[in-house]
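>>> what follows is a predicted protein model with its sequence.
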Amino acid sequence: MSKDTRSIRRKGQATTIDDVAALAKVSPMTVSRVVNGKSNVREDTRERVMRAVDKLGYTPNLAASALAAAQNTRLALVYTSPSGAYLRDLLVGVLHAASHTAVQLVIHYWEDFDADAERKAARRLAKGVSGVILPPPLCDSEAAVQEFVRAKVPVVAIASDRFKDRISCVRIDDFHAAREITEHLIAQGHRRIGYIKGRGDMAASEGRFEGFRAALQAAGLPLDRHLVQDGDYTYRSGLLAAEKLLARKQPPTAIFGSNDDMAAAVVSVAHRRGLDVPRDLSVVGFDDSTSATTVWPELSTIRQPIGTMADAAVDLLLRRIRNGEGNADEVFAHELVKRESVAPPIG
């Protein structure tokens with residue numbers, strides 16, 4: 001061992017990156033670039049560093065490298081005016097996944113922007129993050145997705161497949177889930193079934209309504225447009241829609257709110273009108289968020305694994321960022337959850 005080497009490495013101590021840097025006469029950052037295979041290092045410098053690595057028997061601290069990589073991975077969850085209950089469940093899932101991978105997670109709230117404002121907000125955000133998670137309704141924003149793709153920032157959309165040719169998606173099959181819960185109402189004997197739609201600009205809304213229509217058609221039941229009301233996945237929109245449906249001369253015997261917040265609002269309106277749920281009116285929701293079990297009676301609904309989907313979204317982003325994997329479209333199984341809000345109609 002040369003005198004220079006002995007002066008750098010004291011007996012009984014492990015070789016550090018600083019030792020390698022001192023022997024190679026470069027900075028520790030340059031050593032890090034070389035041992036991590038980065039390309040922005042001159043070839044003669046790379047050779048000098050590798051000779052020092054060999055001479056000192058230096059072994060990179062892989063745990064420290066992994067931690068550094070995690071700390072440099074900044075993921076953003078961007079939300080705007082979603083269902084409150086859905087957002088809570090989603091946020092818990094994303095936080096859980098982020099804590100296990102030690103990534104930095106930033107939460108961004110966007111107002112109900114127009115397309116131009118969404119484009120500008122996405123352009124600003126793209127400069128400071130490694131990847132983006134877009135829950136409803138931003139998962140269906142053409143302006144935001146287009147801007148992130150242009151900036152080459154990986155994106156995962158939750159609950160939509162509208163842009164699966166450009167970004168990754170995690171979702172359930174909304175069409176088949178809505179069809180299954182509608183078939184459950186029909187099997188109980190319901191023939192006049194009201195429906196409260198979700199936001200018209202979302203792919204999930206379209207899939208759920210089409211599933212509802214398909215179940216009616218398969219059962220030989222006509223679609224009564226008077227029994228279909230618009231909503232936007234908020235509790236308030238569910239109140240307004242339920243009032244219109246239950247004020248009809250021939251009200252429905254069952255109502256399908258296409259998320260739990262709107263279905264919970266239906267239960268509230270029914271109680272205010274002196275109706276018993278489910279004896280006078282059956283009600284079903286969608287998502288199995290906390291709204292489904294904080295009303296009485298608890299809602300029959302479709303359970304989508306929101307926490308698992310959030311975990312998968314983080315995993316997909318990290319695989320794309322760190323391993324260069326391509327986009328993916330992951331479809332998770334749903335479950336029909338039967339509770340006390342459904343019963344056969346009277347008469």
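Yep, that arrived.

>>> tell me the pLDDT at the closest residue to residue 198 other than its chain neighbours?
Once flanking residues are discounted, residue 198 sits nearest to residue 205: 3.6 Å by CB to CB, 6 or more residues apart in numbering. Placement of C-beta: from N, CA and C, glycine included. Listed pLDDT for residue 205 reads 95.

>>> quick check: residue 205 vs residue 88, distance?
Using CB to CB, to the nearest Å, we find residue 205 at a distance of 21 Å from residue 88.

>>> what comes up buried for the helix or strand encompassing residue 48?
Using DSSP states H and E, residue 48 sits in helix 43-56. Neighbour counts using 16 or more other CB atoms under 10 Å place 45-46, 48-50, 52-53, 55-56 of helix 43-56 among the buried residues.

>>> please apply the same query to stretch 95-107.
For stretch 95-107, by 16+ other CB under 10 Å, it's 97-98, 101, 103, 105.

>>> among those, which one lies nearest to residue 245?
residue 97 (39.1 Å; CB to CB).

>>> so the residue nearest to residue 198 touches residue 196, yeah?
No - between residue 205 and residue 196 there is no contact under CB atoms under 8 Å: 10.5 Å.

>>> hey, what's in contact with both of the two?
Residues touching both residue 205 and residue 196 by CB atoms under 8 Å, 6 or more residues apart in numbering: residue 258.

>>> give the contact list for the most centrally placed residue in the chain.
In the chain, the centroid-proximal residue (CA atoms, centre = their mean) is residue 158; its distance is 3.4 Å. With contact taken as CB under 8 Å, 6+ apart, residue 158 is in contact with 90, 133-136, 139, 169-171, 309-310, 313.

>>> so what's the backbone phi/psi at it?
phi -100, psi 130 (degrees, to the nearest 10).

>>> how about residue 341?
phi -90, psi 10.

>>> what sits against it?
Taking CB under 8 Å, 6+ apart, one finds 263, 267, 277-278, 282-284, 297-300 in contact with residue 341.

>>> just for the chain, where's the confidence low?
1-13, 36-40, 60-72, 81-84, 347 (pLDDT under 70).

>>> so which residues of it form strands?
In the chain, the strands defined using DSSP state E lie at 74-79, 104-109, 131-134, 155-158, 168-172, 193-196, 228-229, 254-257, 282-284, 301-303, 329-332, 335-337.

>>> neighbouring strands - and their directions - for the fourth one?
Using DSSP bridges, the strands paired with strand 155-158 in its sheet are strand 131-134 (parallel), strand 168-172 (parallel).

>>> show me how far that strand is from its chain's centre.
Mean C-alpha position of strand 155-158 versus that of the full chain (CA atoms, centre = their mean, to the nearest Å) differs by 6 Å.

>>> from the recorded domain assignment, give the ranges for the protein.
If you go by automatic domain parsing, the domain ranges for the chain are 3-60, 70-172+306-333, 174-304.

>>> I'd assumed residue 287 was in contact with residue 88.
No - counting by CB under 8 Å, residue 88 stays clear of residue 287, with 11.4 Å between them.

>>> please say which of the two ends up with more neighbours.
residue 287 (28 against 15; other CB atoms under 10 Å).

>>> contacts only, for that one.
Counting by CB under 8 Å, 6+ apart, residue 287 touches 83, 85-86, 259-260, 301-304, 306.

>>> tell me how many other residues crowd the residue nearest to it when sequence neighbours are not counted.
Once flanking residues are discounted, residue 287 sits nearest to residue 260: 5.0 Å by CB to CB, 6+ apart. Neighbour count for residue 260, taken as other CB under 10 Å: 29.

>>> surely residue 260 and residue 283 touch.
No - with contact defined as CB under 8 Å, residue 260 does not reach residue 283; the gap is 10.2 Å.

>>> quick check: neighbours shared by those two?
Joint contacts of residue 260 and residue 283 (CB under 8 Å, 6+ apart) are residue 299.

>>> before we move on, the earlier item: so who does the residue nearest to residue 287 touch?
Here residue 260 is in contact with 83, 85-86, 285-289, 291-292, 299, 301 (CB under 8 Å, 6+ apart).

>>> closest one to residue 18 among the strands of the chain?
Here strand 104-109 is closest among those (CB to CB), at 26.3 Å.

>>> in its sheet, what does that closest one sit against?
Strand pairing for strand 104-109, using DSSP bridges, gives strand 74-79 (parallel).

>>> now what about the strand it pairs with, what contacts it?
Residues contacting strand 74-79 (CB under 8 Å, 6+ apart): 87, 91, 94, 98, 103-110, 125, 128-135, 138, 144, 314, 317.

>>> check stretch 227-246 too.
Under the criterion CB under 8 Å, 6+ apart, residues 81-83, 86, 136-137, 192-200, 248, 251-252, 255, 257-259, 261-266, 268-270, 273, 275, 281, 291 lie in contact with stretch 227-246.

>>> want to throw the strands paired with strand 155-158 into JSON lines with distance to residue 337 and mean neighbour count?
JSON lines is the format used below for those (distance: least, CB to CB, whole Å; neighbours: other CB atoms under 10 Å):
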{"stretch": "strand 131-134", "distance to residue 337": "26", "mean neighbour count": "26"}
{"stretch": "strand 168-172", "distance to residue 337": "13", "mean neighbour count": "25"}
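
>>> turn these into a markdown table, columns for distance to residue 324.
Shown next, in a markdown table, are these (distance: least, CB to CB, whole Å):
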| stretch | distance to residue 324 |
| --- | --- |
| strand 131-134 | 13 |
| strand 168-172 | 13 |
